[in-house]
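**Student:** structure of the sequence below:
(chains A and B)
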There are 2 protein chains.
Amino acid sequence: MAKSIFYHAGCPVCVSAEHDIVNLIGVENVELVHIGEDRDRIAEAEKAGVNSVPALLTPNGNVLHINFGASVADVKG
Amino acid sequence: MAKSIFYHAGCPVCVSAEHDIVNLIGVENVELVHIGEDRDRIAEAEKAGVNSVPALLTPNGNVLHINFGASVADVKG
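**Tutor:** Down below sits the predicted model:
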């Protein structure tokens, strides 16, 4: 199975959701990307349709925005 | 593993997210509950902390609100 990508910004909501997602789908099935630190990947996240973090990009290209930690605009700013 | 519960209301956003969640965690690991039809379970969802649908209640009791289809208040109304 292709990997999902979990975009986050290290916020408490993000960390909590990350633990849940890893428990649910398995750490081997998801790449974890901290767009607050790995800023080169902000544009990639936006292009994929990520408007807020935490968000999970599924292997088929859908974005699941999970709860609400921070807008991507705030992470960029 | 205990099952997760996916609460939804049949809306397009809900159906799309349901497909994604089932693909990611496996249909055998999630109970699907339509609170628009199975209205007896609205109170249960609210008690678990579900504010909007679609939402996934994890086995350890966390609620992951996924994108936004409808508020539970609107489903009740």
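**Student:** now the biggest strand by length in chain A, how far from the centre of its chain.
**Tutor:** In chain A, with assignment by DSSP state E, the single longest strand is strand A:63-71. How far strand A:63-71 lies from its chain's middle: 8 Å, per CA atoms, centre = their mean, to the nearest Å.
**Student:** show me what that strand packs onto, helices and strands only.
**Tutor:** Counting contacts by 3 or more CB pairs under 8 Å, 6 or more residues apart in numbering or on different chains; DSSP states H and E, strand A:63-71 packs against helix A:12-25, strand A:52-57, helix B:12-25, strand B:63-71. From N, CA and C alone the C-beta is placed, and that goes for glycine too.
**Student:** take those and lay them out in TSV including mean neighbour count and distance to B:E44.
**Tutor:** Below are the helices and strands packed on strand A:63-71 laid out as TSV (neighbours: other CB atoms under 10 Å in any protein chain shown; distance: least, CB to CB, whole Å):
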stretch	mean neighbour count	distance to B:E44
helix A:12-25	19	19
strand A:52-57	25	25
helix B:12-25	19	17
strand B:63-71	20	12
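**Student:** which one of these lies nearest to B:R39?
**Tutor:** B:R39 lies closest to strand B:63-71 among the helices and strands packed on strand A:63-71, at 13.8 Å (CB to CB).
**Student:** just the C-alphas of the helix or strand just after the closest one, formatted as PDB.
**Tutor:** Using DSSP states H and E, the helix or strand that follows strand B:63-71 towards the C-terminus is helix B:72-76. Listed next in PDB are the C-alpha coordinates belonging to helix B:72-76 (Å, rounded to 0.1, in the frame of the first residue of the first chain):
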ATOM      1  CA  VAL B  72     -24.400  17.500  15.300                       C
ATOM      2  CA  ALA B  73     -26.700  20.300  16.300                       C
ATOM      3  CA  ASP B  74     -27.800  20.500  12.600                       C
ATOM      4  CA  VAL B  75     -28.300  16.700  12.500                       C
ATOM      5  CA  LYS B  76     -30.500  16.900  15.600                       C
END
